[in-house]
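> Just the structure for this:
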Amino acid sequence: MLDEVGAKHDLPSVREHDVGDNLIPVESFDTADGVETLARHVWTQVDPIDPDAAAVIYTALAAMGENVGYHSGQSRGYMAAQKTHRGQVLRFAVADAGRGFRKSLSHRSPESDAAALAMALQAGVSGTDDAARGYGLHEMVQRFRGINATLHLRSGSGSHTVFATGRTRSETYAIKLRGSVLEGAIPLTRKK
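Residues are numbered from 1 along each chain as shown. Reported below is the predicted structural model:
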């Protein structure tokens, strides 16, 4: 995928092998329908194992994907998902190469990229002046905590992680990331 978009990298090639439905490799999307198709694919893999987690992940992926175009200033985003730990954990990521959280929230004057990420998780905080917006990430965190999941956001030089316990951690990096990445790890519990 990196080669296809002309990105310079020094990553080695990966030996391809069939991973079945355990992996959605990095896929690009540029429409709400594209996001919904990818979110539905993840849902079909998780629902037989854990319907509660499937509902949360579907809603989260669809909302995050829709917000790429709305907040990033970019028309294209990227999504990937994979079941790991012998199918017991679903890891996913939604990313864009847009303006990032700090710039999107510049009217709120965040002190740093990490502070902008923490701010974005608060109820009612949005990059727009629309009073009805700014609740999606906050509600997503609450739903993730309900299924013992972790959410990690990275944008610019900052990152902010919300653990299932409610504990948070912010970090600052020397190298800035263009755009934003939202990652999650959801434990899957087979329902009886």
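> Now do stretch 111-120: distance to the chain's middle.
Its chain's average C-alpha position is 16 Å from that of stretch 111-120, according to CA atoms, centre = their mean, to the nearest Å.
> Need the residues that contact that stretch.
With CB atoms under 8 Å, 6 or more residues apart in numbering as the contact definition, stretch 111-120 has outside contacts at 100-102, 104-105, 108, 110, 125, 137, 153-160, 168, 170-172, 176. C-beta: built from backbone N, CA, C; applies to glycine.
> Dump it to CSV, restricted to CA.
What follows is the C-alpha trace of stretch 111-120 in CSV, where atoms were taken according to Å, rounded to 0.1, in the frame of the first residue of the first chain:
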residue,chain,number,x,y,z
GLU,A,111,-1.0,23.7,24.6
SER,A,112,0.4,20.7,22.7
ASP,A,113,-0.6,17.8,20.4
ALA,A,114,-1.1,15.5,23.4
ALA,A,115,-3.3,18.1,25.1
ALA,A,116,-5.4,18.4,21.9
LEU,A,117,-5.9,14.6,21.9
ALA,A,118,-7.0,14.6,25.6
MET,A,119,-9.2,17.6,24.9
ALA,A,120,-10.9,15.9,21.9
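> What helix or strand is the residue nearest to residue 169 when sequence neighbours are not counted located in?
For residue 169, ignoring the flanking residues on the chain, the nearest one in space by CB to CB, 6 or more residues apart in numbering is residue 161 at 4.8 Å. Following DSSP states H and E, the helix or strand that holds residue 161 is strand 150-162.
> list the helices and strands that strand packs on?
In this structure, strand 150-162 makes packing contacts with helix 101-104, helix 113-120, helix 136-146, strand 168-187, judged by 3 or more CB pairs under 8 Å, 6 or more residues apart in numbering; DSSP states H and E.
> Buried residues, stretch 77-85. List them.
77-83 (16 or more other CB atoms under 10 Å).
> now that stretch: how far from the chain's centre is it?
Per CA atoms, centre = their mean, the centroid offset for stretch 77-85 relative to its chain is 10 Å.
> cool, stretch 156-176 as well?
Taking CA atoms, centre = their mean, one finds stretch 156-176 lying 13 Å from the centre of the chain it belongs to.
> next one: stretch 146-161
8 Å.
> Ok, stretch 115-133 next?
Computed by CA atoms, centre = their mean, the separation of stretch 115-133 from the middle of its chain amounts to 16 Å.
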